[in-house]
Structures are given as C-alpha cells and as structure tokens.
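**Student:** What follows is a predicted structure for the sequence shown.
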Amino acid sequence: MSTEPRLAEVAQPEPAQQAAPGTDQAVKETLEDYTLRFAPRSYRRWTPMVVATTALGGIAYMADFSIGAGIGLAHGTGNALLAIAVAAVVIFVTGFPLAYYGARYNIDLDLITRGSGFGYFGSVLTSVIFASFTFIFFALEGSIMAQGLKLGLGLPLWLGYLVSTLMVIPLVIYGMTALSKLQVWTTPIWLLLMVGPLVYLVATDPGTVDRFLAYAGTDGDGGINTASVLLGAGVCLSLIAQIGEQIDYLRFMPPKTEANKRRWWTAVVMAGPGWVVLGALKQAIGVFLAVYIIAEVGASAAPEPIQQFKGAFDAMMPSWLVVPLAVVLVVISQIKINVTNAYSGSLAWTNSFTRVTRRYPGRMVFVLVNLGFALALMEADMFSFLNSILGFYSNCAIAWVVTVATDIGINKYVLKLSPHAPEFRRGMLYAVNPVGVVAFVAASGLSIAMYFHALGDALQPYSPVAAAVIAFVLTPLMAVVTKGRYYLRRTDDGIAEPPLDADGNPSAVAYECHVCRQQFERPDVAACRTHDAVVCSLCLSTDKVGDHVLPAAV
C-alpha cells in the first residue's frame, strides 16, 4: 500500500464557524477565534481598516508612559529620546516580515515560528516567552489601573489589582468578534484624552518644552552617553514581542487582491510594525509629562501615568473634573490592552500545552492561568522594579523576534534555504529545527549573561545589542551549515489541491475533517495516514498515538 495518499474529492464549502449541533465546547471555541490554527477566509469578514483599528486599539497601554518616564528620569531627555528612537527602528525592521507573514498567510506568530527555524516542538520555547510577555504586561497595566482606582475611588491597591484582573474576563471570552467592537468604539475617546492635555500644555506654556529638552536626569550631566542610550533602548526593546499581539489580529486580514492591495498594505504596515510609531510617541510623552510633574509636584509621582495625567488635566480644567477624567483614561487604556493581553496569552499557553500533552483543554482555561500569573505579579508589587524586569526580559524577546525575522528575510528570500510558504502542521515539520533553536538559545543565553554582569560591567549595557546581533548572524549561518534539511519532514501533504490560490492567498476550498466532522479550508488540513480522508491541524495536534500523522518522506 502506498504511504503517499492523494485526495481529489472536495467537500462543499460552508462557513467554518457554524458548528454542528452538539459539537464539543472546545470545537466551538476554536472555531470562534481559531486557536492553534489557520484563520479561514469564511471567517475573515472584516475590512483591512477594521482589522488595523482593532489591532492598534491593543496598544493603548499606559506602560509606555512609565517606561519613557523611567528612562528619562534616570538618563536625561536626550539619552531617553535616542534610546526610544533606536528601539523603535529595531522593532519596526524586525516586525515588518512577521506582520506580513501573519496577514498574508492568516496564522499567528507561533505558527509562523514553527516553520521559520524552530520546528513543531522547538517553538514551544518561544510560545512560553510570548505568554510570559502577556502576563508581565497585564500585571503592569493592572498595577497602573489599580493606582487610578486608588486615587479616584480610594480602593486599596490589593483590591484594585483584583478588580483590574476580573473585569476583563467577560470581554475576552468571545474572541475577535467582541474585541473588534470594543477596540473600534473606545479608540476615539482614548486618543482625545491622551493627546488633549499634551497639546494644551505646549500651547499655553512653551516653557515646558524648554524644561523637557534640558532635563539631565539623575544619572548623568545632560550629555549623550552611549551606555545610557543602550540601557534605555534595552528597556524599550522589551516591547519587541508586542508584534505577536498585533499578529493575533492581523491574521484576520482579508485576502490581498489587486483591488484592495493599497488598503491591505496600509493596514498591515500601520497595525503591524507601525504600532511602534505610536508607542515611541507615548514613551516620549511619558518623559515630557514626568519632567512636568517634577516641576509641579515632585519626582516621587512622576513615573505613575495616573499622576502624570492628573497633573496635566489639573492645568486645563476645573479641579472637580480632574481625577474622574484621569481615572477614565487609565481604565479605558487598561481594558483596551488587557483584553488583548489575556486573549493573546491564552492562545500562546494553549498552543504550548496542546503540543506537549496532545490534549486541547479549551482556551478559557488558559485565560484564567494567565490572569493568575498576572495577579501574583501585581500583588508582588512588580511596578516598583519594572525596569529591571523589562531589561532582563528584553534579551529573550529580542533573540526570538530577530531569529524569526532573519529566517523570513534572509533564509527564505535571499538564501532560499527555508521554505517560502510557512508550514505549521504536525507531520510536515521536524520536531526541532536547529537553525532557530540554536540561534535563539545562543543569543538569549549570552545576552542574559551580559545583562547580569557575567562578562564584566563594561559590556552589561550592550546585552540587547548582543541578543540582536548573535541571532541575526547565527540564523543564516545555521541554515547554511544544516543546508536547510531540518525545515520540512515532508513536502507533500497528500492533497492534490494547491494550498494557495492564483493570487497567492491561502485557498478557500473546504474539506471535512474525518475526525471532528467540521469543515476546514485547504491550508488547515492534511491527508490522513490510515484513512482515505483528511484531518484538520488541531486533530493532528491531539492525536496521541499518531494514527493520522503522515510518515516522514523517504
């Protein structure tokens, strides 16, 4: 009997989100947000601009103001602005290929990582790193919201932490459908409350700009210092993994066609790597407001966004309106970002757990797990040692993102040793690909050692540079050494229908998975090893004995 099954029969397409009566809850849930899998064309009903607005709504976090303030207070305005600019350039350049692949092939960053140098199980490493990113930043935003609730309502911080954690659960249950509505409707209010005070202060008191530009910081004399710039950039680069959350929305982009290509590219660039433009502006505003607060109130309150905006609102409106508006801004910002943190974190944890255990427990289990980790960090007062956490974390995040971006940009398009189209299905990939795993482990390990002064105090500020450079050099080097042989376990998935249509978009032809009896589009299925039928990617992931997994190609 041939071990290379081929299928010609195609099931009639039907909307993939319509599950049969009595379908298991896990199936219904994965058909809502397509956890672990390709997002089918039948579900992607949003226009490019709606997807982009939804994705950008997720970067409404207040942490940027704290990060900018912390860098500015320590190193001075000049060093802080240069650090922010350096980090922004790195994030934009590395984020572009990742955003393109997510939007073009409708898969999240974990699925991209699998086929871009890490292998089916190798990318579990990076899934855990991304999941950690989401609960670290959930905790940070929750801490900021708790500060706002304490100021506005007098709630003790411990209770504010709990409230900020529990309130996102109802919003994140319903996946992309609910999140798109939330982000679109709240974005105009958030923009008005954030930008209004800054414009007012600059227009009514130009001296604030002079004080801002002249601020020297506590650790310097106001001059530009390379070590200070790199230390600050390292903190900002902890946000490099934010591209993963952007892709969790960008994977729902409609197909790119000749008619919509301008809108499609605009949305991808704006909501993909372009998020960092707004992020960098917020960090610079954080420095500006911190310097303003120092002059008006004192340094102790300057890093807290609630105090920054309270001071700004106080200069432009009646006192009775100041605290309520500051609290509203903080609460809206926290909700907008933390529904994204909870959502993206649940996807990352579910990805890792399902691959390792071959069991799919449902995404909501890991929403609660992620929130539990975040609440523990808040109760441990992570806000007080924020920059230390972010500086350490950035080394891992940089190593991961640069490795995947280099594999796409160099190994796929220049060296052509990595398959051009992404692959993520079990059976098609090797368990571990040394290209990405070796580059990532070496880059993150050496940069973390540098961060903790293991290689001397002089090199410590250069740890983020080391993470980026080592990952960038080792990724193509490992591809050349291995001759690209560990990317694909097999090149034929046993289905005659091409995975891409004439425009290069994932095919919308639908098949029925013979295991779960649901309809899935062509990129999400493969032939079954033991039946003349197809199996969806999730059923392949949960196949405990490997009955359905195609054998390695001879």
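**Tutor:** Now that the structure is in, tell me what you want to look at.
**Student:** Mind naming the longest helix for this structure?
**Tutor:** Secondary structure of the chain read by DSSP state H shows that its longest helix is helix 319-357.
**Student:** ok, and for that one, which residues are buried?
**Tutor:** Buried residues in helix 319-357, counted by 16 or more other Cβ atoms under 10 Å: 322-323, 325-355. In short, each C-beta sits where N, CA and C put it, glycine included.
**Student:** try stretch 203-214
**Tutor:** By neighbour count on 16+ other Cβ under 10 Å, the buried set for stretch 203-214 is T208, F212.
**Student:** mean confidence for that stretch?
**Tutor:** In this model, stretch 203-214 carries a mean pLDDT of 87.
**Student:** and it, how far out from the chain's middle?
**Tutor:** Centroid separation for stretch 203-214 versus its chain: 35 Å, with Cα atoms, centre = their mean, to the nearest Å.
**Student:** Give me the contact list for that stretch.
**Tutor:** T77, G78, L201, V202, G222, V287, F288, V291, Y292, A295, A315, M316 (Cβ atoms under 8 Å, 6 or more residues apart in numbering).
**Student:** could I get those as JSON lines with distance to R426, secondary structure and neighbour count?
**Tutor:** Output for those, formatted as JSON lines (distance: Cβ to Cβ, whole Å; DSSP: H, G, I helix; E, B strand; the rest coil; neighbours: other Cβ atoms under 10 Å):
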{"residue": "T77", "distance to R426": "51", "secondary structure": "helix", "neighbour count": "23"}
{"residue": "G78", "distance to R426": "51", "secondary structure": "helix", "neighbour count": "21"}
{"residue": "L201", "distance to R426": "55", "secondary structure": "helix", "neighbour count": "21"}
{"residue": "V202", "distance to R426": "55", "secondary structure": "helix", "neighbour count": "13"}
{"residue": "G222", "distance to R426": "57", "secondary structure": "coil", "neighbour count": "15"}
{"residue": "V287", "distance to R426": "47", "secondary structure": "helix", "neighbour count": "27"}
{"residue": "F288", "distance to R426": "50", "secondary structure": "helix", "neighbour count": "26"}
{"residue": "V291", "distance to R426": "53", "secondary structure": "helix", "neighbour count": "26"}
{"residue": "Y292", "distance to R426": "54", "secondary structure": "helix", "neighbour count": "22"}
{"residue": "A295", "distance to R426": "59", "secondary structure": "helix", "neighbour count": "14"}
{"residue": "A315", "distance to R426": "58", "secondary structure": "coil", "neighbour count": "15"}
{"residue": "M316", "distance to R426": "57", "secondary structure": "coil", "neighbour count": "16"}
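**Student:** how about the residues you listed in TSV, adding distance to P305?
**Tutor:** Converted to TSV, those look like this (distance: Cβ to Cβ, whole Å):
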residue	distance to P305
T77	18
G78	23
L201	15
V202	18
G222	25
V287	12
F288	13
V291	14
Y292	13
A295	17
A315	16
M316	17
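**Student:** and the two most separated of those?
**Tutor:** G222 and M316 (29.1 Å; Cβ to Cβ).
**Student:** Give the residue spans of this structure that score low on pLDDT.
**Tutor:** 1-33, 35, 58, 171-186, 219-222, 297-301, 383-387, 554 (pLDDT under 70).
**Student:** which stretches of it form strands?
**Tutor:** With strands called from DSSP state E, the chain shows them at 510-512, 519-521, 525-527, 534-536.
**Student:** Could I get the CA-only coordinates of stretch 312-329 as PDB?
**Tutor:** What follows is stretch 312-329, C-alpha atoms only, in PDB (Å, rounded to 0.1, in the frame of the first residue of the first chain):
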ATOM      1  CA  ALA A 312      -1.800  67.700  33.100                       C
ATOM      2  CA  PHE A 313      -5.600  67.700  33.400                       C
ATOM      3  CA  ASP A 314      -5.200  69.900  36.500                       C
ATOM      4  CA  ALA A 315      -3.700  72.700  34.300                       C
ATOM      5  CA  MET A 316      -6.600  72.800  31.900                       C
ATOM      6  CA  MET A 317      -9.900  72.100  33.600                       C
ATOM      7  CA  PRO A 318     -11.800  72.500  36.900                       C
ATOM      8  CA  SER A 319     -10.400  70.600  39.800                       C
ATOM      9  CA  TRP A 320     -13.600  68.600  40.300                       C
ATOM     10  CA  LEU A 321     -13.200  67.100  36.800                       C
ATOM     11  CA  VAL A 322      -9.500  66.300  37.000                       C
ATOM     12  CA  VAL A 323      -9.500  63.000  38.900                       C
ATOM     13  CA  PRO A 324     -12.600  61.500  37.200                       C
ATOM     14  CA  LEU A 325     -11.100  62.100  33.700                       C
ATOM     15  CA  ALA A 326      -7.700  60.800  34.700                       C
ATOM     16  CA  VAL A 327      -9.300  57.600  36.100                       C
ATOM     17  CA  VAL A 328     -11.500  57.200  32.900                       C
ATOM     18  CA  LEU A 329      -8.400  57.500  30.700                       C
END
